[in-house]
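>>> all I have is the shape, not the residue letters:
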């Protein structure tokens, strides 16, 4: 089955920021859900996040989006494999991370906005010729 790309060409800097923006957005969503589900209580409580889950997804995002980057110098090719492996190593080293709820909210909102802007900015433009309509895929 042919899969159509969600992202167009990325810069190396954008590729490095993409997993971090995902992490910040996920922390913000988790903090917002915590406030909505448990509104009564201390607003300055800590939010426990699963490090293997979040960093594992971030590493997967980095690996899958690395094909959309224009790699130029040789050292950047080391970054292509090393950055996701570093995230996987951190995911295996820690079980969870605790953030203060207000900090997670302050990080999450700008990260979600920036992630949305990156996805809009780097969407593919002329991939309709390479990406057939759903009826043509069968």
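Structure's in. What do you need? These numbers were taken from a predicted model, which means no experiment stands behind them.

>>> CA atoms for contacts and neighbours, from now on please.
Fine.

>>> spatially, what comes nearest to residue 23 if we skip its sequence neighbours?
Nearest residue to residue 23, sequence neighbours excluded (CA to CA, 6 or more residues apart in numbering): residue 54, at 6.6 Å.

>>> pretty sure residue 71 sits in a strand.
No: looking at residue 71 with DSSP: H, G, I helix; E, B strand; the rest coil, it is coil, so not inside a strand.

>>> what are the phi and psi values for it?
Main-chain torsions, residue 71, degrees, to the nearest 10: phi -80, psi 120.

>>> phi, psi of residue 10?
Torsion angles at residue 10 (phi, psi; degrees, to the nearest 10) stand at phi -110, psi 150.

>>> right, and it touches residue 70 too?
Yes: Residue 10 is within contact range of residue 70, at 6.8 Å (criterion: CA atoms under 8 Å).

>>> of these two, which one has the most company?
residue 10 (21 against 12; other CA atoms under 10 Å).

>>> quick check: bridge partners of the residue lying closest to residue 12 once chain neighbours are set aside?
Spatially, and ignoring its direct neighbours in sequence, residue 12 is nearest to residue 69 (6.2 Å; CA to CA, 6+ apart). Residue 69 has these beta-bridge partners by DSSP bridges: residue 10.

>>> C-terminal to the longest helix seen in the chain, what's the next element?
Ordering each helix of the chain by length in residues (DSSP state H) puts helix 12-37 first. With elements assigned by DSSP states H and E, the helix or strand that comes after helix 12-37 is strand 46-50.
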